[in-house]
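Here's a sequence, model it:
(2 chains)
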Number of protein chains: 2
Amino acid sequence: MPHHRSAFFISDRTGITAESLGHTLLTQFDSMDFKRETVPFVDTVEKARVLAQRISEVAERDHLRPLVFTSIINPEVREALRLDNIVLIDFFEAFIGHLELELGRKASLSVGKAHGMVNEEKYDHRIEAVNFSLNHDDGVKLKDLDEADVILIGVSRSGKTPTCLYLALQYGIRAANYPLTPEDLDSPTLPKILLPFKDKMFGLTIDPNRLHHIRSERRPDSKYASMDNCRREVNEAESMFRHHGVPFISTTHKSIEEIASTIMHKAALGRKF
Amino acid sequence: MPHHRSAFFISDRTGITAESLGHTLLTQFDSMDFKRETVPFVDTVEKARVLAQRISEVAERDHLRPLVFTSIINPEVREALRLDNIVLIDFFEAFIGHLELELGRKASLSVGKAHGMVNEEKYDHRIEAVNFSLNHDDGVKLKDLDEADVILIGVSRSGKTPTCLYLALQYGIRAANYPLTPEDLDSPTLPKILLPFKDKMFGLTIDPNRLHHIRSERRPDSKYASMDNCRREVNEAESMFRHHGVPFISTTHKSIEEIASTIMHKAALGRKF
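Predicted coordinates for the structure are as follows:
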């Protein structure tokens, strides 16, 4: 018997939905070892048959029925995955009947709209948001800040850049960021250039120990990375946030997804695409 | 009667899973107008009660029961959302019993592992991938290319930068990109500097009409944006891909998610975090 249980996330498009809910469910059984594989773009009966055959072979090898999470929309394609030695967990079929009843109409069974390119205008807006966030990373460009949806501020390495990029890619948000330098932190007031944009500012803070660790990877034994300096910078940045009533969150124990969705929620921002 | 149907995506953490499957299901009813709201971090019975009250008020105003998609794990928190005038579509409850039976153990009911920060090492790897992709954007840095997991090549504005950032953020992939300039395209052979990395290259191409449109937004009436030039560059880039057997895809009708997951699939890359 193998130590693991095989798990497949199968989709007719990107696999993002099947993976996302499948992972959430599997994390509930964290004492178990799952061997995971995502298979996107299974959009014909033929592809589904070939895949079902391969999963059957895994079942025989494992002497255990693999878990197959699927969000495939076309019923015939889904049906090709329904074999005796496969545990099929069908996200689509489980809910679509209920929704059809509730909404009083049939599902259109069209594929690929959730993560597909719905229209060029929205797509362009999203790409513009990515470009805006890239151009306004790390305070490199301070003009056009009035076009930002949100401006993240925080000390170096507090998580501003990945959060801005995630906000742009995931939500179409134009997210600028400005690093608080030791000079900025000498005074508890916001850098002058930022004052007009106080209402769209959001602060990131971080545990000084974690900051010390992150900075030490980049510049070991520097003043920049020293525990004392990290503690001082974080304290001063938090004082500045409080002084101006800028909302802020700690990134220490949060994933990029959590930081970004917290900002979306607290700053009452809406998805822009 | 309102024209829309209200739909809520409710989660005890980021809301990504509930939104992802909820959107997939709703796109099946594309003739209808949904008023969507995502509510993350509903992690106590008290928060759920306040929210349920608010949704009830929406129900009365709409004279229609709102659709409530939830991935909340804690059963007591979920229960607080179960009101008569709410259509509850419970992604967690629907499958967890089946999985418990199949796996022969109880769900741990722990929250926030799917999109939360699982461990610092994986988190650091992901941030490193983002930094790598930023540092190797647009061919600005050509050393360390041997550390790249994939190198995207294509003409200017074919979608390389957002795809690289998405690959880094979503999959922890170190994705460099190199823009094929008109000089590079004069010859059908790859730029010399890229030759050692042929096996990890992936080409992006794009419909010349769409490229012309995108470039015209940036530099109207330039030679760069002209239809003739776009057509020529795209032809030459595709010839180069074919000459060297570099796999390539068209980004024209694809979302960033679709481009990225196609590359993951075709280049047989695995998630790195």
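
Counting neighbours, what do you get for the residue lying closest to A:Asp144 once chain neighbours are set aside?
Spatial nearest neighbour of A:Asp144, excluding adjacent residues (C-beta to C-beta, 6 or more residues apart in numbering or on different chains): A:His136 at 7.3 Å. C-beta: built from backbone N, CA, C; applies to glycine. The tally of other residues near A:His136 (other C-beta atoms under 10 Å in any protein chain shown) stands at 24.

shaky segments in the stretch 151-273 of chain A?
Counting by pLDDT under 70, the stretch 151-273 of chain A contains no low-confidence range.

distance of A:Ala48 from chain B?
15 Å (C-beta to the nearest C-beta, to the nearest Å).

right, and that residue touches A:Phe41 too?
No: between A:Ala48 and A:Phe41 there is no contact under C-beta atoms under 8 Å: 11.1 Å.

Now do the helices in chain A.
Ranges of helices in chain A, per DSSP state H, are A:16-26, A:45-62, A:75-79, A:91-103, A:120-135, A:160-171, A:182-185, A:208-218, A:227-244, A:256-266.

quick one: contacts of the last one?
Surrounding helix A:256-266, the residues in contact under the criterion C-beta atoms under 8 Å, 6 or more residues apart in numbering or on different chains are A:150, A:152, A:159, A:162-163, A:166-167, A:170-171, A:173, A:202, A:204, A:247, A:249, A:251, A:254, A:269-271, B:13-16, B:39-41, B:112, B:115-117, B:126, B:169.

CA atoms of that helix as PDB?
Provided in PDB are the C-alpha atoms of helix A:256-266 (Å, rounded to 0.1, in the frame of the first residue of the first chain):
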ATOM      1  CA  ILE A 256      -0.300  37.500  -0.100                       C
ATOM      2  CA  GLU A 257      -3.900  36.500  -0.700                       C
ATOM      3  CA  GLU A 258      -4.800  37.300   2.800                       C
ATOM      4  CA  ILE A 259      -3.000  40.700   2.800                       C
ATOM      5  CA  ALA A 260      -4.700  41.700  -0.400                       C
ATOM      6  CA  SER A 261      -8.200  40.600   0.500                       C
ATOM      7  CA  THR A 262      -7.900  42.300   3.900                       C
ATOM      8  CA  ILE A 263      -7.000  45.600   2.100                       C
ATOM      9  CA  MET A 264      -9.800  45.100  -0.400                       C
ATOM     10  CA  HIS A 265     -12.200  44.600   2.500                       C
ATOM     11  CA  LYS A 266     -11.000  47.300   4.900                       C
END
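
by how many degrees do that helix and helix B:160-171 diverge?
Comparing the axes of helix A:256-266 and helix B:160-171 via axes from the mean of the first three to the mean of the last three C-alpha atoms, to 10 degrees yields an angle of 100 degrees.

Show me which residues of helix A:256-266 are buried.
For helix A:256-266, the neighbour count (16 or more other C-beta atoms under 10 Å in any protein chain shown) marks A:Ile256, A:Glu257, A:Glu258, A:Ile259, A:Ala260, A:Ser261, A:Thr262, A:Ile263, A:Met264 as buried.

just the fifth one next, same as before
Residues of helix A:120-135 classed as buried under the neighbour-count rule (16+ other C-beta under 10 Å) are A:Tyr123, A:Arg126, A:Ile127, A:Glu128, A:Ala129, A:Val130, A:Phe132, A:Ser133, A:Leu134.

Please apply the same query to the fourth one.
Neighbour counts over helix A:91-103 (16+ other C-beta under 10 Å) mark A:Phe91, A:Phe92, A:Ala94, A:Phe95, A:Ile96, A:Leu99, A:Leu103 as buried.

Wait, the second one touches A:Phe69, no?
No: the pair A:Phe92 and A:Phe69 does not pass the contact test of C-beta under 8 Å, sitting 10.7 Å apart.

list the contacts for A:Ala18?
Residues near A:Ala18 by C-beta under 8 Å, 6+ apart: A:Phe9, A:Ile10, A:Ser11, A:Thr38, A:Phe69, A:Thr70, A:Ser71, A:Phe91.

what's the farthest-apart pair in these?
Spatial extent of the contacts of A:Ala18 (C-beta to C-beta) is set by the pair A:Thr38 and A:Phe91 at 14.0 Å.

from the contacts of A:Ala18, which are also near chain B?
Near chain B, judged by C-beta under 8 Å from any C-beta of the partner chain, the entries from the contacts of A:Ala18 are A:Thr38, A:Ser71, A:Phe91.

What's the local residue count around the first one?
Here the neighbour count serves as a burial measure; for A:Thr38 (other C-beta under 10 Å) it reads 22.

tell me the contacts of it?
Going by C-beta under 8 Å, 6+ apart, A:Thr38 touches A:Phe8, A:Phe9, A:Ile10, A:Ser11, A:Gly15, A:Ala18, A:Glu19, B:Arg271.

would you turn the buried residues of helix A:120-135 into CSV with distance to chain B and pLDDT?
Below are the buried residues of helix A:120-135 laid out as CSV (distance: C-beta to the nearest C-beta, whole Å; pLDDT from 0 to 100):
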residue, distance to chain B, pLDDT
A:Tyr123, 7, 83
A:Arg126, 7, 91
A:Ile127, 6, 91
A:Glu128, 9, 93
A:Ala129, 9, 95
A:Val130, 5, 94
A:Phe132, 12, 94
A:Ser133, 9, 94
A:Leu134, 7, 92
